[in-house]
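# Just the structure for this:
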Amino acid sequence: MIKFALSCEIDHGFDGWFSSSEDYEKQLKRGLVTCPQCNSPKVSKTLMAPSVSTSRKKESMAATSVNETQRAMLAEMKQLRDKVVKNSEDVGEKFPEEARKIHYGETEARAIYGEASRDDVESLLDEGVEIVPLPSVPDDAN
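Okay, here's the model as predicted:
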């Protein structure tokens, strides 16, 4: 994973994690990278100092593995996920099929969530189906 320092058109700064630089470019092109403060899709990379690991830094990081800002963000992500799950229908592995039916007006419009492969997600996005991945938070594994 690569961490990029990002900024929107009105200089809100935030970080983004991507599997590669190419992944960042693809997501940006599709409008999937937006500012978490103002939701602007006009996002660009900013200058970022390289992270150099030292034994002292590793000790410090081990002692304080998750800071308060990260905890707050995780809590917000969990609340968002819980709200979506509570107010949506779980269609499981039928997600790609159901999302297409809704998009093309073949079935009633409703909030759904479920599972989709990477290929299915790319195909849905290429077709213009509006989907958003649910955030995965550490509590999900517990």
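# Report the mean per-residue pLDDT for the host helix or strand of R81.
Following DSSP states H and E, one finds R81 within helix 68-86. For helix 68-86, mean pLDDT rounds to 86.
# again with stretch 96-109
The average of the pLDDT scores along stretch 96-109 is 95.
# Report the buried residues of it.
P96, E98, A99, R100, K101, I102, H103 (16 or more other C-beta atoms under 10 Å). All C-beta spots, glycine's among them, are computed from the backbone N, C-alpha and C.
# Span of it from start to end?
14 Å (C-alpha to C-alpha, to the nearest Å).
# rewinding a little: could you tell me which of the buried residues of stretch 96-109 belong to helices?
Among the buried residues of stretch 96-109, the members falling in helices are P96, E98, A99, R100, K101, I102, H103 (criterion: DSSP state H).
# From the chain's centroid, how far away is the helix holding R81?
Taking the mean of its C-alpha atoms, helix 68-86 sits 12 Å from the chain's own mean (C-alpha atoms, centre = their mean, to the nearest Å).
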